[in-house]
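K.L.:
The following block contains a protein sequence and its predicted model.
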Amino acid sequence: MSAIKLEDVTKSYGGFNAVDDLSLEVKEGELLCVLGPSGCGKSTTMRMIGGLERPTEGDVHIAGQKVTRQPPYERDCSIVFQDWALFPHKTILENVAFGLKMDGIDRTKRKERARETLEMVQLDGHENKKPKELSGGQQQRVALARSLIVEPHVLLLDEPLSNLDKRLKEEMQLELKDIHKELDQTMVHVTHDQSEAFTLADRICIMNDGKLIQVGAPPDVYNNPKNQFVEEFLGDTNFLEGTVVETASDEVVAKTDLGCHVDIPVTNRQAAPDEGESVSISLRPENMQLRQSEIQTIKADGGDTRCTASGQVDNVIYRGSMTRLYIDTGSRTIFVEQQYDPDREIEEQQNIVIQWDPKRLVAFDNEETQFTTVEN
Ligand code: ATP
């Protein structure tokens, strides 16, 4: 049985589908991140799970029970919002214990449970303070404790970390992950931040324009994107534009705007484009290797080269442990990322050869659907 099941759920506002025919199951104890650009329908999806919105069509189930028409307080779930809205005049202990008071649990037991929950979010010692005496990150932990104390079957988190600065956000991500592990708590976490989703999620659900595009474990969606939107949304990449010039049972070869021919491995020949059709090929910056070159001129035609291009380094950008290099190949610029190595520093104006393993690229047909053989 799934902790949450959404069945063909649509939410319309005056003819506009904020969520469009979405079906999804969240497993017991799973941490699912709903990820997508602003306005894609993430919060609306979460609000329908929590009962704050009613679907125009379709059904919501929690722990095997249909709850589509039940109000939020009758659903076994708790929500943590971006704006954590604590009671300003109550102490931290009272804020956290509040949910239990509503459940009619006696005072001594409430305080004991609130202390235990504050310990879990590492706020022991702050029980008697008021919210304004705590930092933003600490207040967010109080909001988390307040939701956890009622032991919901499902914990819903709507961009709860987006008001925190980078360092605090990363700390809280790890804490959330630990709490999830410790409690085996089913969580749905909404975010537009890819790195947050990669840090936290057991599985990531990627949405765009109200639709569910792909659900999978972080390495699956990153290495085996369903379409060009997912590839582009999950990280920086170079898209080469090309035309298929050769086809075989296990690969197609495309002539690209980089000048060179590119081998694209395919398993399902039927799903791959035919000769003459256009393709887009994604080369992630971390999936290319660089070799220094003695060649003095930029080779732009490269008609007979394969999976390699030469060029001149235009820009070197240090990013701490990584270096990003922009390389002008004559026909277009490619950016490549490498681990920073002080013994092998690459300088601007240097001639360089770019190479890649065909197994490390993904390609898309003219409908932006991925057709490559991917090895995870
Ligand atoms: P963000 O990351 O910016 O919070 P989101 O992915 O959570 O965005 P939603 O808040 O779910 O997006 O909104 C999805 C779409 O539905 C948006 O275009 C939004 O303007 C629209 N929408 C949401 N709520 C309403 C409403 N009550 N009335 C009309 N349109 C709405």
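P.N.:
Happy to help now that I have it.
K.L.:
make it CA atoms for all contacts and neighbour counts henceforth
P.N.:
Fine.
K.L.:
For burial, what's the neighbour tally of Thr117?
P.N.:
When counting by other Cα atoms under 10 Å, one arrives at 23 neighbours for Thr117.
K.L.:
Pull the distance from the helix or strand encompassing it to the chain's centre.
P.N.:
Assessed by DSSP states H and E, Thr117 sits inside helix 107-120. Chain-centre distance of helix 107-120: 34 Å, with Cα atoms, centre = their mean, to the nearest Å.
K.L.:
mind listing what's buried in it?
P.N.:
Judged by neighbour count using 16 or more other Cα atoms under 10 Å, the buried positions of helix 107-120 are 110-111, 113-118, 120.
K.L.:
helices or strands next to it in the packing?
P.N.:
Here helix 107-120 touches helix 92-102, helix 136-148, going by 3 or more Cα pairs under 8 Å, 6 or more residues apart in numbering; DSSP states H and E.
K.L.:
and the next element down the chain from the longest one?
P.N.:
Sequence-wise, the next helix or strand beyond helix 136-148 is strand 154-158, with elements assigned using DSSP H and E.
K.L.:
which helices and strands sit right next to the longest helix seen in the chain?
P.N.:
Counting residues, the longest helix found in the chain (DSSP state H) is helix 166-183. If you count contacts as 3+ Cα pairs under 8 Å, 6+ apart, helix 166-183 packs onto helix 136-148, helix 194-200.
K.L.:
Which neighbouring elements make contact with the longest one?
P.N.:
Packed against helix 136-148, as judged by 3+ Cα pairs under 8 Å, 6+ apart, are the following elements: strand 77-80, helix 92-102, helix 107-120, helix 166-183.
K.L.:
and the direction of it versus that of helix 107-120, what angle?
P.N.:
Here the directions of helix 136-148 and helix 107-120 differ by 130 degrees (axes from the mean of the first three to the mean of the last three Cα atoms, to 10 degrees).
K.L.:
In the stretch 201-350 of the chain, what residue comes closest to the ligand?
P.N.:
Using Cα to the nearest ligand atom, the closest approach of the stretch 201-350 of the chain to the ligand is made by Gly210 at 6.8 Å.
K.L.:
hang on, that residue packs against Ser43?
P.N.:
No: using Cα atoms under 8 Å, Gly210 makes no contact with Ser43, being 10.5 Å away.
K.L.:
between those two, which one's more packed in?
P.N.:
Counted by other Cα under 10 Å, Gly210 and Ser43 do not tie: Gly210 has more neighbours, with 23 against 20.
K.L.:
Which residue comes closest to that one once chain neighbours are left out?
P.N.:
Distances taken as Cα to Cα, 6 or more residues apart in numbering place Val19 nearest to Gly210, at 4.0 Å, with adjacent residues excluded.
K.L.:
The helix or strand containing that neighbour pairs with which strands, parallel or anti?
P.N.:
Assigned by DSSP H and E, Val19 falls within strand 16-26. The strands that strand 16-26 pairs with in its sheet are strand 4-13 (antiparallel) (by DSSP bridges).
K.L.:
for the stretch 151-300 of the chain, which spans come out with low pLDDT?
P.N.:
Applying pLDDT under 70 to the stretch 151-300 of the chain flags residues 293-300.
K.L.:
what ranges do the strands span in it?
P.N.:
154-158, 186-191, 203-208, 211-216, 238-247, 251-256, 261-265, 278-283, 288-292 (DSSP state E, counting those that start in this stretch).
K.L.:
Buried deepest among the ones you listed, which one?
P.N.:
Highest mean neighbour count of these: strand 186-191, a mean of 25 (counted as mean count of other Cα atoms under 10 Å).
K.L.:
Partner strands of that strand and their direction?
P.N.:
strand 31-35 (parallel), strand 154-158 (parallel).
K.L.:
Let me see the contact set for Glu367.
P.N.:
Going by Cα atoms under 8 Å, 6 or more residues apart in numbering, Glu367 touches no other residue.
K.L.:
I'd like the distance between Pro37 and the ligand.
P.N.:
6 Å (Cα to the nearest ligand atom, to the nearest Å).
K.L.:
Skipping adjacent residues, who's closest to that residue in space?
P.N.:
Nearest non-adjacent residue to Pro37 (Cα to Cα, 6+ apart): His192, at 5.7 Å.
K.L.:
from memory the one you found sits against Leu35, does it?
P.N.:
Yes: the pair His192 / Leu35 is scored as a contact, 5.3 Å apart, by Cα under 8 Å.
K.L.:
if you count what's nearby, which of those two comes out ahead?
P.N.:
Set His192 next to Leu35 and count neighbours by other Cα under 10 Å: Leu35 wins out with 27 against 20.
K.L.:
give me the residue from the stretch 151-300 of the chain nearest the ligand.
P.N.:
His192 (5.8 Å).
K.L.:
what helix or strand does Ile105 sit in?
P.N.:
Taking DSSP H and E as the definition, Ile105 sits outside all helices and strands.
K.L.:
neighbours around it, how many?
P.N.:
Neighbour count for Ile105, taken as other Cα under 10 Å: 14.
K.L.:
any idea how far it is from the ligand?
P.N.:
35 Å.
K.L.:
Can you check what pLDDT the model gives that residue?
P.N.:
With respect to pLDDT, Ile105 scores 85.
K.L.:
same deal with the one 4 residues further on?
P.N.:
Per-residue confidence at Lys109 stands at 90 (pLDDT).
K.L.:
cool, and Val121?
P.N.:
For Val121, the predicted pLDDT is 86.
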